[in-house]
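> I need the structure of the sequence given here:
(one chain, ligands or ions: 1)
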Amino acid sequence: MTPHATVLLHPDFRTGAIDRRLFGSFVEHLGRAVYTGIYEPEHATADEHGFRRDVADLTHELGVTMVRYPGGNFVSNYVWEDGVGPVEDRKPFIDLAWRTVEPNLVGTDEFLQWAEREGIEPMMAVNLGTRGVAAAAALVEYCNGVAGSRWADLRIANGREEPYGVTLWCLGNEMDGPWQIGHKDAHEYGKLAAEAGKAMKLVDPSIELVVCGSSSMQMETFGEWEQTVLSYTYDLVDHISMHAYYEELDGDRASFLGSATGMDRFIRRVVASADAVGARKRSDKRITISFDEWNVWYLESRFPGETNLPLQHQPARIIEDVYSGLDAVVVGDLLVTLLNHADRVPVACLAQLVNVIAPIMTEPGGEAWKQPTFHPFAATARLAQGDALDVRVQAPTLTTRRHGDVPTVTAAVTWAGEPDAGELGVFLVNRTAEPVEVELRHPGVALTLGGGVQVTADHEPAVHGPAHAAKVEAEHVTTLDAAPVTATTTGTTTVRLAPESWTALAGTATLA
Ligand SMILES: O=[N+]([O-])c1ccc(O[C@@H]2O[C@@H](CO)[C@H](O)[C@H]2O)cc1
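The predicted structure is shown next:
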């Protein structure tokens, strides 16, 4: 039988090393991400610091390497000094981004110590909405400074002697978005980011800076924004941010299943925009991408919009999207795109970690459980090791309303180990409603595929709660003891993919 698609791979053709920070996530002071999410002192599993053990354990199982904090839109009106020092002296404030009274029980020290205890790298954001250069530099000094200066000494007085050594810093959040508190145009933001970033690196030259790119590819200022902002900051920053959320709109399943091709085009366009600035500057420096918000989010179809939110005095159930098996297939496919851009995307954050558009859900005082989207992320974080290979996929395309022509099959392959003997991770997506045969072509390479994980899409609306999540898991997430291989010859291995599915397989390979 003629294969539906072919995937050509060879270890001599590599895209780049997979930075472990690709498996980051995000905890914002938003809804129940912090309070009754990672932190709930009254919970049965809470540790001595008030953080939920069950959530931390699921975070480890998810394979999250890094967590971005404290926002998001929240950071653009956050006064970090109000969140440090004795808890009893801290004052609540109205967070304007999500119209919620923030009690300031968890702040910089509590978050950074949680991340440290859990072995997770923190990624911090500074407020460039309502604040500026001085507050940003002070926060870097508070986190990373040694004894003998004002803000470092304040940290020490607050009980933390050792600097935290936070490496990754976001210069604000989505500053192009009209919804952002302290929204700016590209020139205003570019100049402020350049000055804030300069000051922050003068405090600690070892930090890496992320400048804000566009909030989405649909923003009117997209492209122009990237080039203007980088014209001010190119020599200073390390990364430019990308944010993208995908959803099924108007029952357009084909477009939704093609989301990862939309993400791929978005990445290529941001790379082109950044490289255009570099070319103009005759610079050999390459700006990389921090894809620090990505996920499925039913934003347009279900989210009421921040300005309509009633003022909340308790952690509220804001944007607690419930995910389906279909959403999980798309999340797996988005990870395929990220792997295929390993050379330009070293940092990414699944937005978010818990309760808010999240793979982990909790009930206050109750259980914590996995959403269907948990599974492709966990399997990819586990199996994608070493380098991403530069694979060549040939597959028929189909035309979608939102993304134009998209391939019916996508693939990523990773190779860890020696140049002539590697452990493989093979990630394959079938976007069609029929099973397909995919021929892996590996000339000169002896390849053995083992087991893995398969996720299939469903046709049912997702229902909130652990019982439905468990049902989706039972029916649509399968541990494969063996790869679904249907034929082999020297140099080819054919696998069969279920309809609308994401499959991850482990393998071993040696040069023949
Ligand atoms: O497209 N939009 O309308 C849109 C609106 C808000 C928005 O916010 C971003 O997503 C929020 C949730 O992760 C983060 O706090 C923020 O950075 C991201 C996109």
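> and the nearest residue to L139 once chain neighbours are set aside, what does it touch?
Leaving out its chain neighbours, the residue that sits closest to L139 by CB to CB, 6 or more residues apart in numbering is W80, at 5.3 Å. For glycine as for every other residue, the C-beta is placed from the backbone atoms N, C-alpha and C. Residues in contact with W80 (CB atoms under 8 Å, 6 or more residues apart in numbering) are P70, G107, T108, N127, A135, L139, Y142.
> again, 7 Å this time
For W80, the contacting residues are G107, T108, L139, by CB atoms under 7 Å, 6 or more residues apart in numbering.
> any idea how far the ligand is from it?
Relative to the ligand, W80 is positioned 17 Å away (CB to the nearest ligand atom, to the nearest Å).
> tell me the pLDDT at that residue?
At W80 the predicted local distance difference test score is 98.
> kindly report the same for G305.
According to the per-residue confidence, G305 scores 64 in pLDDT.
> got CSV for the contacts of W80, with distance to the ligand too?
Formatted as CSV, these follow (distance: CB to the nearest ligand atom, whole Å):
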residue, distance to the ligand
G107, 18
T108, 18
L139, 18
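> among those residues, which are located in strands?
By the criterion of DSSP state E, membership of these in strands covers no residue at all.
> just those: which are in helices?
Among those, the members found in helices (DSSP state H) are T108, L139.
> how about the contacts of W80 in TSV, adding pLDDT?
Listed next are the contacts of W80 as TSV, based on pLDDT from 0 to 100:
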residue	pLDDT
G107	98
T108	98
L139	98
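> what's near enough to touch A358?
By CB under 7 Å, 6+ apart, the contact list for A358 reads Q352, Q371.
> again but with D204, I slipped
V140, N144.
> A328 belongs to a helix?
Yes: secondary structure assignment places A328 in a helix (DSSP: H, G, I helix; E, B strand; the rest coil).
> tell me the pLDDT at it?
98.
> once you drop chain neighbours, what's closest to it?
Leaving aside its sequence neighbours, A328 sits nearest to P372 (CB to CB, 6+ apart; 3.9 Å).
> count the residues that sit near that neighbour.
A count of nearby residues for P372, using other CB atoms under 10 Å, gives 27.
> ok, it to W98 distance?
Between P372 and W98 the distance, using CB to CB, to the nearest Å, works out to 26 Å.
> give the contact list for G132.
Contacts of G132 by CB under 7 Å, 6+ apart are L192, A196.
> for it, what are phi and psi?
phi -160, psi -140 (degrees, to the nearest 10).
> and for L447?
phi -130, psi 130.
> can I assume it is in contact with A509?
Yes: the criterion here is CB atoms under 7 Å, and L447 meets it with A509 at 4.6 Å.
> close to the ligand: what parts of the protein are there?
Residues of the chain found near the ligand (CB under 6 Å from any ligand atom) are 28, 30, 71-73, 173-174, 179, 215-216, 293, 299, 351-352.
> so which of the residues you listed is the closest to the ligand?
G72 (3.0 Å; CB to the nearest ligand atom).
> so how far is H29 from the closest one?
Counting by CB to CB - G72 and H29 are separated by 8 Å.
> top helix in this protein by residue count?
Selection of the longest helix in the chain by residue count, based on DSSP H, yields helix 259-280.
> elements contacting the host helix or strand of R68?
Counting by DSSP states H and E, the element that carries R68 is strand 66-69. Contact analysis of strand 66-69 by 3 or more CB pairs under 7 Å, 6 or more residues apart in numbering; DSSP states H and E lists strand 24-26, strand 121-126 as its packing neighbours.
> so who does W502 touch?
W502 sits next to V329, G332, D333, P376, V429, V455 when contact means CB under 7 Å, 6+ apart.
> coming back round to it: state the mean pLDDT of the longest helix of the chain.
Rounded to a whole number, the mean pLDDT of helix 259-280 is 98.
> same thing with stretch 349-359?
For stretch 349-359, the mean confidence score works out to 98.
> roughly how far is it from the heart of the chain?
A distance of 9 Å separates the C-alpha centroid of stretch 349-359 from that of its chain, computed with CA atoms, centre = their mean, to the nearest Å.
> burial count for the residue in the stretch 401-512 of the chain positioned nearest to the ligand?
When you check the stretch 401-512 of the chain against the ligand by CB to the nearest ligand atom, the closest residue turns out to be R402, at 14.4 Å. Other residues within reach of R402, judged by other CB under 10 Å, total 15.
> quick one: contacts for it?
Listed by CB under 7 Å, 6+ apart, the contact partners of R402 are D252, S255, G262.
> what about 6 Å?
By CB atoms under 6 Å, 6 or more residues apart in numbering, the residues touching R402 are S255.
> please tell me how far it sits from E248.
Taking CB to CB as the criterion, R402 is separated from E248 by 10 Å.
> what segments of this structure are helices?
Taking DSSP H as the criterion, the chain contains helices spanning 53-62, 108-118, 133-144, 150-157, 186-203, 224-233, 253-257, 259-280, 299-302, 325-340, 374-383, 466-476.
> tell me the buried residues in the fifth one?
Residues 186, 189-190, 192-197, 199-201, 203 are the ones in helix 186-203 that count as buried (16 or more other CB atoms under 10 Å).
> quick check: the farthest pair among the residues you listed?
A186 and V203 (25.7 Å; CB to CB).
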